[in-house]
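*Asks:* Sequence and predicted structure, then a few things I'm wondering about:
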Amino acid sequence: MPSRRIARINGLIREEIAELLRREVKDAALTDALISITEVETSPDLRNARVFFSVYGDDEQVRQAQLHLERAGGFLHRQLMGRVELRQVPRLEFVLDESIARGDRIMQLMRGIDTSSPDGQPA
């Protein structure tokens, strides 16, 4: 469990990156895709931050979004330096968060389960 300070920094970085993606990034692959920044995990020394994201779309859209986020990492890092008051802004690493897709798949499977008893009568 991260300290309260690290948790606050994680939340701040998550909000700022989400805002930058909405308003500042001009890359069509990132602005056209439905991307959510789900979580940020900053190392205790504040040198590195893992930015977890999810993308609503097919595998190709997910792959393109990850590629373009990695390319935009330097831009996002520079923008964060001007927006957050930290001595050192962490280096950003983008990691696909598949928990939303897994949850959606589980819900689809649950909806597909036949709820009737073996003799065909509703349970």
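*Replies:* On my side now, so go ahead. For clarity, every value in this text was computed on a predicted model and none was experimentally measured. Numbering: from 1, shown residues only.

*Asks:* immediately after the lengthiest helix in the chain, which helix or strand?
*Replies:* Identified as the longest helix of the chain according to DSSP state H is helix 59-83. Of the helices and strands lying after helix 59-83 in sequence (DSSP states H and E), the nearest is strand 91-96.

*Asks:* can you pull the buried residues of that next one?
*Replies:* In terms of neighbour count (16 or more other Cβ atoms under 10 Å), strand 91-96 has its buried residues at 92, 94, 96. From N, CA and C alone the C-beta is placed, and that goes for glycine too.

*Asks:* what's the spacing between the next helix or strand along the chain from that strand and its chain's center?
*Replies:* Downstream of strand 91-96, the first helix or strand assigned by DSSP H and E is helix 99-112. Centroid separation for helix 99-112 versus its chain: 18 Å, with Cα atoms, centre = their mean, to the nearest Å.
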